[in-house]
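Chemist: need a 3D model of the following:
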Amino acid sequence: MSSIVEGLLGLADEYFLPWGPLGLMVVSFIEAIFFPIPPDVLLIPLVLLDPKNGLLYGALTTLTSVAGAVVGYYVGLRGGRPLMKRLIGDKNLGRVEAFYQRYGVLTVGLAAFTPIPFKVFTLTAGIFRLRDMRGYVLASLAGRAARFVPESLLLMLYGRSILEYLVSQFEFFTMTAAAVFLAGYSLYKYLSRRRARGPLLPPQQRPP
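Modeler: Here you go, the predicted structure:
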């Protein structure tokens, strides 16, 4: 683990840190469209090398990733289906579509927060012509902020000592949080449907 950390720090120090926030913004933007490497790979060493600006890095990563998600949506809208079929196959594309049909923009928010490749869901949002663009942007913003800002804050506070723990437990925490979020959303939808039907009348007030 220490060699990986040192490698990331060396890479950031040599190639990205001289660019400051700009390098991080570019990586965060293109990762939401096509770039295979997640922004964390750059965000983590940048925060460790420059902790006083850690929250700035987290915020910039969030905002530029959301901007990339908007572009990714329109790339998918303009003809991303053949590309996605090649990348993930018809079966997985059908699964993603089923998620969108069931959860709508919440699908994007979950993908933005979890280790799932974000670009898959930004492109497919356009492919499946997700209509709630405002919800799409807000869900992307919420998911990316929930991932990158706390990550930056923990690295600012605890430095390298927290890094190994974050890496080893990241998938567990994100998937657990996603499951809790889905359960909460399902409960919210259930209660909303109950309210829409109105309160149950007592037996004596019910129509014959």
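Chemist: what number of residues lie near Ser152?
Modeler: The tally of other residues near Ser152 (other CB atoms under 10 Å) stands at 25. No exception for glycine: its C-beta is placed from N, CA and C like everyone else's.
Chemist: quick check: which ranges of the chain have low pLDDT?
Modeler: Applying pLDDT under 70 to the chain flags residues 1-13, 15-17, 169-171, 173-174, 177-178, 180-182, 184-192, 196-208.
Chemist: name the residue closest to the centre of it, please.
Modeler: The residue lying closest to the centre of the chain (CA atoms, centre = their mean) is Ala112, at 0.9 Å.
Chemist: phi and psi next, for that residue.
Modeler: Note on Ala112: its backbone torsions stand at phi -70, psi -30 [degrees, to the nearest 10].
Chemist: hmm, who's touching the helix or strand containing Phe29?
Modeler: Secondary structure assignment for Phe29, by DSSP states H and E: helix 21-31. Applying CB atoms under 8 Å, 6 or more residues apart in numbering, the contact partners of helix 21-31 are 15-17, 35, 37-39, 42-43, 46, 53, 56-57, 60-62, 64-65, 67-68, 71, 118-119.
Chemist: show the contacting residues for the residue nearest to the centre of the chain.
Modeler: Listed by CB under 8 Å, 6+ apart, the contact set of Ala112 reads 65, 69, 118, 121, 139-140, 142-144, 146-147.
Chemist: ok, now Ala59?
Modeler: Counting by CB under 8 Å, 6+ apart, Ala59 makes contact with 145, 148-149.
Chemist: select from those residues the one having the most neighbours.
Modeler: That'd be Phe148 among the contacts of Ala59, by other CB under 10 Å, with 26 neighbours.
Chemist: close enough to count as contact, it and Val66?
Modeler: No. With contact defined as CB atoms under 8 Å, Phe148 and Val66 do not form a contacting pair (10.6 Å).
Chemist: buried set for the helix holding Phe29?
Modeler: In terms of neighbour count (16 or more other CB atoms under 10 Å), helix 21-31 has its buried residues at 21, 23-31.
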